[in-house]
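**Q** Sequence first, then the predicted structure, then my questions.
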Amino acid sequence: MNSSPQAEVFEVPAEVFEAAYWLRVQSNSLKQTKALVSELSLQFYKLGWLSGTGGSVTLKVHEHNVPKQNQFIVMSPSGVQKDRMSPEDTYVLSSGGSILSLPPTKSYPNNPPKCTDCAPLFLKVYEMCNAGAVIHSHGLDACLVTMINSSSNEFRIRNMEMIKGIQGHGYHDELVVPIIENAPSEGQLVESLTKAIRGYPKSTAVLVRRHGVFIWGDTWISAKTQAECYHYLFAAAIKLRQLGLPY
Ligand SMILES: [Zn+2]
């Protein structure tokens, strides 16, 4: 006979669940995360990463006493001028990917609200990498670096100080970033992104040929820091190639 105590299963009354839910969607942590997505979108727009409404940003909310895998997720919208976004323009998703709140509809000529097309890709990165933030950049260097060798499915660079800014890397390490082929819509990249993440467990980025890059980190600070280093290294590789120097 098993003498260990049986775990009791409690059913959370609907009204308690609802109350907890409403507390969470009105929390300061969530408001701050929405504001941060809006603020970072403007910063990244100025860097050329989110121009032409392309690219997007997502962050996990950080609420105390909530495990990371259960945290709410904030995502930027699709088809919105990223330099003119406000916190109210962002989407809030459950950890499982259900939309919990969407932006208000704006009058003509604004488009009806639509969540970023990258949502399934972001959710996959959250699921596989325990990330706290993901940045999808359409930066020109991230695009061009995938075209240097159109038959290669990797970007490689070494002997650059900024490699130290990439999680798990030191100056003497070679940085290797997988490249996947582009597709007509971002949602069609899920399978190849999944394979690339599995095949390159040390990488915190996946490049998309003739398109851009997905970069993630444990926190928004880590994702932003690494995104800056990756873009620097992509630009450096292009410049070094133009100069005929090895990298
Ligand atoms: Zn894109």
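**A** Yep, that arrived.
**Q** drop to CA atoms for contacts and neighbour counts, all remaining ones
**A** Fine.
**Q** tell me the domain ranges of this protein?
**A** 12-116, 118-247 (automatic domain parsing).
**Q** What lies in contact with stretch 169-179?
**A** Contacts to stretch 169-179, defined as Cα atoms under 8 Å, 6 or more residues apart in numbering, come from residues 146, 152-164, 196, 200, 203, 205-209.
**Q** Going by neighbour count, which of these are buried?
**A** The neighbour count (16 or more other Cα atoms under 10 Å) marks 146, 153-155, 157-158, 160, 162-164, 196, 203, 205-209 as buried among these.
**Q** Residue 41: what's it in contact with?
**A** 50, 56-57, 82-83, 85.
**Q** And the pLDDT at it?
**A** pLDDT for residue 41: 98.
**Q** In terms of helices and strands, where is it?
**A** Using DSSP states H and E, residue 41 sits within helix 28-46.
**Q** Kindly report the same for residue 126.
**A** Assessed by DSSP H and E, residue 126 sits inside helix 119-129.
**Q** Can you list the buried residues in that helix?
**A** Along helix 119-129, these residues count as buried under the neighbour rule (16+ other Cα under 10 Å): 119-126, 129.
**Q** Go ahead and report the secondary structure state at the residue most central in space within the chain.
**A** In the chain, the centroid-proximal residue (Cα atoms, centre = their mean) is residue 134; its distance is 1.6 Å. Under DSSP: H, G, I helix; E, B strand; the rest coil, residue 134 falls in the strand class.
**Q** Can you tell me the SS state at residue 176?
**A** strand.
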